[in-house]
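Undergrad: From the sequence below, what's the structure:
(2 chains)
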Amino acid sequence: DARVTQTPRHKVTEMGQEVTMRCQPILGHNTVFWYRQTMMQGLELLAYFRNRAPLDDSGMPKDRFSAEMPDATLATLKIQPSEPRDSAVYFCASGFSSRGAQPQHFGDGTRLSIL
Amino acid sequence: AQTVTQSQPEMSVQEAETVTLSCTYDTSESDYYLFWYKQPPSRQMILVIRQEAYKQQNATENRFSVNFQKAAKSFSLKISDSQLGDAAMYFCAYRANSGNTPLVFGKGTRLSVIA
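TA: Numbers count the residues shown, from 1 in each chain, chains lettered A, B, ... in the order given. Next up is the predicted model:
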């Protein structure tokens, strides 16, 4: 089965360090989402792309977060500088943009801990 | 903005019994999709079942079925013949019908299965 691949699976780093999370969407999927999961806020959208173009990044703190799709097989989410409140699980998901009940397929997430 | 509410933070069920998880949502749209995702301790997000709002017939997937009440904006999940492997967090999610747009999630219900 095709899967969304996220790396790293876990990341522990100190406050102030740069963090880069990577996502390889399922081949052929043209829509990529970044979600963040915390105990307090639950699952919330950070940003999403269609055909590599950003459509909505209103969920991201712009001063420290950035999301890009250098090519169709790679999406990145960067945090610089990182803060303890960024500790969370970050999920990437991908899907087709066609209408209909096309599901989003999720990666296994990156568990980020900022000390 | 659309919202999804899961009013049961935790539920428990005896093995082989039936349990129903509740979900309500708020939207002004007439065409949309609803989903239930399962998140076991491994933290994968697994699609359990989906429902198109324009369909009156409730979706079923093996032991999982939904009770979709469009007028009441209610979308409950019924798990029949519960198994130990059903123990997980369950998230209800909403998506507008305009291509593959972001999911709006509820806060989740933690389901325990008692042997």
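Undergrad: tell me which parts of chain B are close to chain A?
TA: B:33, B:35, B:37, B:42-45, B:47, B:50-52, B:91, B:97-100, B:102-103, B:105-108 (Cβ under 8 Å from any Cβ of the partner chain). Using the backbone N, CA and C atoms, a C-beta is placed for each residue, glycine as well.
Undergrad: Restricted to strands, list those.
TA: B:33, B:35, B:37, B:47, B:50-52, B:91, B:105 (DSSP state E).
Undergrad: Mark which of the residues of chain B next to chain A are buried, thanks.
TA: Using 16 or more other Cβ atoms under 10 Å in any protein chain shown as the burial test, the residues of chain B next to chain A include B:33, B:35, B:37, B:43-45, B:50-52, B:91, B:97, B:99-100, B:102-103, B:105-108 as buried.
Undergrad: now the spatially most central residue of chain A: how far from residue A:51?
TA: Nearest to the centroid of the C-alpha atoms of chain A, with distances taken as Cα atoms, centre = their mean, sits residue A:34, at 3.1 Å. Relative to residue A:51, residue A:34 is positioned 16 Å away (Cβ to Cβ, to the nearest Å).
Undergrad: ok, back up a step: skip the chain neighbours and tell me the closest residue to the residue nearest to the centre of chain A.
TA: Leaving aside its sequence neighbours, residue A:34 sits nearest to residue A:46 (Cβ to Cβ, 6 or more residues apart in numbering or on different chains; 4.3 Å).
Undergrad: Equivalent analysis for residue A:36, please.
TA: Once flanking residues are discounted, residue A:36 sits nearest to residue A:88: 4.9 Å by Cβ to Cβ, 6+ apart.
Undergrad: ok, back up a step: what pairs with the host helix or strand of the residue nearest to residue A:34, parallel or antiparallel?
TA: According to DSSP states H and E, residue A:46 maps onto strand A:42-50. Strand pairing for strand A:42-50, determined by DSSP bridges: strand A:31-38 (antiparallel), strand A:53-56 (antiparallel).
Undergrad: Most tightly packed of the ones you listed?
TA: Burial of those is given as mean neighbour count (mean count of other Cβ atoms under 10 Å in any protein chain shown); strand A:31-38 ranks first at a mean of 23.
Undergrad: Helix, strand, or coil at residue B:77?
TA: strand (DSSP: H, G, I helix; E, B strand; the rest coil).
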